[in-house]
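Quick one: sequence and predicted model below, then my questions.
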Amino acid sequence: MSVPTALKPSADRPRLELTRWPAVRSFLRQRALNWTMMTVAFVGFILAIAAGILGTAAGSANFGIVFVWIVWWGLLMGALLPLGGRLWCFICPIPAPGEWLQRTALVAPPGNAGAAGLLSIDDPGRSTQRWTLSHGWRWPKSLRGIWLQNVGFLGVALFSTVILTRPAATGWVLLAFLAGAVGLAIFFERRSFCRYVCPVGGFIGLYSLVAPVELRVRDPLVCQDHRTKDCYLGNEAGYGCPWLEQPWKMDRNAYCGLCGECLRTCTKDNVAVNLRLPGPDLLVAHGWKLDEAYKAFIMLACAAIYPVVFLGPWGWLKAWANLDTLGGFAIYALGFLALNLVAVPALHLGMAALTRWASGLQDIPVRRLFVALAYALVPLGLGAWMAFTVSLVFANLSYAVPVLSDPFGWGWNLLGTRDVVWHPWLTGWVQPIQASLLIGGLIASIVAADAILRKIQHGGVGIRGLASQTALLTVETALFLWLYLGASA
Amino acid sequence: MRFRNSLHRLFIPSHGTRLEYLARLTTVGVLLGFAVALLVGALGRFRSTGQDVELIARQPSAGGWSRERIVVNQGERVRLRIRSEDVVHGFAVGRLGVEADPIEPGKVTTVEFVADRAGEFPFYCTMWCDPNHARMRGILEVRGPAGFPLASSTPASDVTLQHLDDPRDAGVVPQVMSSATRGLPLYGQRCASCHGARAEGTPGGPGVGRREFLVDRRPADVFQMLAGATTHDGSPRAGAHGPGAPRSPHAALSHSQYVRGWSEQDRWDVVAALWSLDSSAEHIDLGRRLYLKNCAACHGERGRGDGPGGKSQPNTPANFTDPRRMLAGTSAIYTAKIRRGGMGTGMPYWGSIFTEEELTALVDYLRTFSLTHRE
């Protein structure tokens, strides 16, 4: 078995292994850890659904809106994602009930009798008892990849003005997520919902490529000689990878949910959680896929549309997006989809062709350049989303204080904070932070574009090749700067 | 069989039993606790009486007030916590002088008062919020020890409902808007000696500026009276101020002789002066505030019938600056119309909300759109 180059231990891939400390390792291997985090999140999630559907229709006084779209979103985009990658997926309550049903257990490992049906999918001979409620079907090949997640995200984003401002809409959408996750868990194996369907998981996976945290095997050569592949199939210590990843092949964060099952099941003690410099996953060439490239375009386009609709002075556009009239919304939807699916990808396709022409990469197909260079948008896209989140969170986070006491807006005063008045926080810091995030994202994206071009053409493509990408990224950053610091100021 | 086994395993863990049992108990406990808390909270929300009352304002098309009736006991201190779920609303309780505005979305507005009078008092939105804004009303029921008589609305003394909607046309109107400021000196020169300095009436002449005198009179009729064509009661002149009037110390001259030299505009100015004499600046200001809060959304801030709310009403709201219409109506008619409402025109009824003082103040303010009050 050949070992991918990216996986070979190398001095030029500096890492700080967190799990080399026994306390950290022991903590992460606790079986109750996932259940504890997911249960706490699950209670909050159920509360958000209940408040959304039953509580006050005033979004600013409803737990569903405030804690999902301000607190959770702020936490996700401000800390969990940029610092921890898929750390949220480790906590996420949406797949919890489905997974518990699949395993017929909350905490317990599969036990001696077998891995509760999961093993039987890949190795029918090993499992003699199937206690799971899931049929354990494999996800259809034609639906693999993140195209469904792209479609789902576009759907949510298209109606986001409605969903983000109407508690009932938020409640029903969250309930649909939960029902979808449970329903798919009953029919399909492991976390097929998270891997292939979850609209949120798609962009978390993409942006986790630049996260400074990773879960990897310490030495792929050890796995090469380990025939039982417990990390994938599971054993009495834990379940096979719920995310359908094969840890010994894993060289990107994109589809690792950081659940830690492989830490528990690896009998060779060969799995580690590392701190690293962000970004190396962007350069993993075999991971460059059109569906992920489109995710990068969609995220970039939406990062431009959101401030226009939510923060900008164009009330008529907000009215269209808000479904005030069907005709207006139809125009908005058409523009929204055209920008996401046609205009932004077409612009980048053109620039990829220009880069190809300018750098003399005539033997590289335009499509390959187009897809590869889309990954250079990841840092800028993440920066833009974080900039948007800063506006959203700093202005609205204080709503969380009274909502904690009165989550339904029914007049409760559970913590005595019901009458705390809304107040925007750190308003003077918002624009400097946004500018820093955008310029930082631009620099990181240019560096990424250069590295990607070097990866494609050893020795690099010279200043001419990088110039077109730099120009495009700079123009896009200028647009974001205008949107955040100019138009919406 | 497999399914049955699986269901069995849902309840009876097969492995890792102690931790698994603990996790299951905790999960079920947390979820059950959550459900119970939610149920208790929801039941508490719908309690129908009490002094600490939560009230949610929604546009009428979305349901209006969350409570149509609030019941309290007489003498209790009532604490209303009001919040809007959509747009900016206002809150007031008619006849109790309880007000709270604006009610801004997402903010809690608290208003406290002592329910010292028994009865049923309408509470209503005081900010135009919806085409059906006027329907955004509820009842505050203050229960007294001996029942709670309905707050009554006194009908206008001499106005029958069928007269309210008669078409009105003053026939003759001033060239420029009449002015009490211009009319008062004229009144002082020619009329005050008989009718009193404030037209309060003397043995020599009736109190032509008193509210009781003017309430049933049309400004256009008073204008005709000043022209000598009619008597004080509006009938064709045959007496003191007109041709053929019986002679008396103060009726020796016809009315036209008293007002000799006055132009038509002067006479209109005196009409305006008469309507201003029994009405203080504070009274007009009360009417102005009531108008701006309750009427301006449809009738327009300047009374032109061009308020934004009026566009969605079945009938165009009345234009109070139209002299042909306004100078042909008595204050009694306008009071009765406000009290009753527009009967299908979109104009709400106010009889159970405004006090008599508020009604007269409002009508006096409406007069200022066609008869300028003194400055």
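Arrived safely.

Going by C-alpha atoms from here, please, whenever you check contacts or count neighbours.
Fine.

Now the residue of the stretch 51-200 of chain B found nearest chain A. Nearest residue, chain neighbours left out?
Per Cα to the nearest Cα, B:E85 is where the stretch 51-200 of chain B lies closest to chain A, at 4.1 Å. Among residues not flanking B:E85 along the chain, A:A58 sits closest, at 4.1 Å (Cα to Cα, 6 or more residues apart in numbering or on different chains).

same deal with A:A435?
A:L481 (6.6 Å).

circling back to that earlier point, can you pull the contacts of the residue nearest to B:E85?
A:A58 makes contact with A:R166, A:P167, B:S84, B:E85, B:D86, B:P105, B:G106, according to Cα atoms under 8 Å, 6 or more residues apart in numbering or on different chains.

count of residues packed around the second one?
Read it as A:P167. 31 (other Cα atoms under 10 Å in any protein chain shown).

Please enumerate the strands of chain A.
Shown for chain A, the strands assigned by DSSP state E span residues A:15-17, A:213-217, A:234-235, A:238-239, A:271-276.

can you redo these as a markdown table with mean pLDDT and distance to chain B?
What follows is those, written out as a markdown table (pLDDT from 0 to 100; distance: least, Cα to the nearest Cα, whole Å):
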| stretch | mean pLDDT | distance to chain B |
| --- | --- | --- |
| strand A:15-17 | 92 | 29 |
| strand A:213-217 | 96 | 26 |
| strand A:234-235 | 90 | 13 |
| strand A:238-239 | 92 | 11 |
| strand A:271-276 | 96 | 24 |
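
Next, count neighbours for the closest residue in space to A:L28 that isn't next to it in sequence.
Of all residues not flanking A:L28 in the chain, A:G260 sits nearest, at 6.7 Å (Cα to Cα, 6+ apart). Neighbourhood size, A:G260 [other Cα under 10 Å]: 25.

Show residues contacting stretch A:151-161.
Stretch A:151-161 is contacted by residues A:163, A:197-200, A:202, A:298, A:302, A:309-310, A:318, A:321-322, A:333, A:336-337 when judged by Cα under 8 Å, 6+ apart.

ugh, wrong one, I meant stretch A:172-190
Stretch A:172-190 has contacts (Cα under 8 Å, 6+ apart) with A:49, A:52-53, A:94-95, A:97-99, A:101-102, A:118, A:133-139, A:163, A:191-194, A:198, A:242-244.

ChimeraX command to pick out the buried ones of the contacts of stretch A:151-161?
Command for ChimeraX that selects the buried part of these, burial taken from 16 or more other Cα atoms under 10 Å in any protein chain shown:
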select /A:163,197,198,199,202,298,302,309,310,318,321,322,333,336,337
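
Among the contacts of stretch A:151-161, which are located in helices?
A:I163, A:P199, A:V200, A:G202, A:I298, A:C302, A:K318, A:A321, A:A333, A:F336, A:L337 (DSSP state H).

so which pair among those is furthest apart in space?
Spanning the widest gap among the ones in helices among the contacts of stretch A:151-161 are A:G202 and A:K318, at 26.1 Å by Cα to Cα.

if we can go back for a sec, who wins on neighbours among the contacts of A:A58?
Of the contacts of A:A58, with other Cα under 10 Å as the count, A:P167 tops at 31 neighbours.
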